[in-house]
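Colleague: Got a sequence here, can you build the structure:
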Amino acid sequence: MEQTPFTSFDYMTQNRQLQMMKTILPYMKEAQKKQFAILIKYMELQNTIQIFSQEDKVLSMCSVDEESNNMVAMINDLRQFCSEKEQETLDMLINMFSMLETYETIFS
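Modeller: Have a look, this model is predicted:
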């Protein structure tokens, strides 16, 4: 199974205990897995609610430089989660944004 990288949001909402619980899940009896999986997701939701109630942590999570080209940066960050075909599509989008930026620079 391919390992999906963590995002900064994942790092903020996950903790060592949750990762340990997720590791244990496949070894549990079938009858217990569903309830345990729901418990894990509930605990993740509680962590998310707690983080968003702390303004300083929310601000650090949303710390993208406003002056940078946010769309291209976002697309580049998305690449790590995409298949090769999806990455090709993202590359086309980046080229399009680059051409539009060049056009805007020339004619402004």
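Colleague: Which helix or strand lies directly C-terminal to the lowest-mean-pLDDT helix or strand in the chain?
Modeller: Across the helices and strands of the chain, mean confidence by mean pLDDT, DSSP states H and E is lowest for helix 55-61: a mean of 61. From helix 55-61 onward toward the C-terminus, using DSSP states H and E, the following helix or strand is helix 70-78.
Colleague: Return the list of helices and strands in contact with the helix or strand following that next one.
Modeller: Next along the chain after helix 70-78, taking DSSP H and E as the criterion, comes helix 84-106. Judged by 3 or more CB pairs under 8 Å, 6 or more residues apart in numbering; DSSP states H and E, the packing partners of helix 84-106 are helix 70-78. Every residue, glycine included, has its C-beta placed from N, CA and C.
Colleague: list the buried ones in the helix it packs on?
Modeller: I75 (16 or more other CB atoms under 10 Å).
Colleague: So which elements touch that helix?
Modeller: Under the contact definition 3+ CB pairs under 8 Å, 6+ apart, helix 70-78 sits against helix 84-106.
Colleague: could you check the angle helix 70-78 makes with the helix it packs on?
Modeller: Note on geometry: by axes from the mean of the first three to the mean of the last three CA atoms, to 10 degrees, helix 84-106 and helix 70-78 are set 160 degrees apart in direction.
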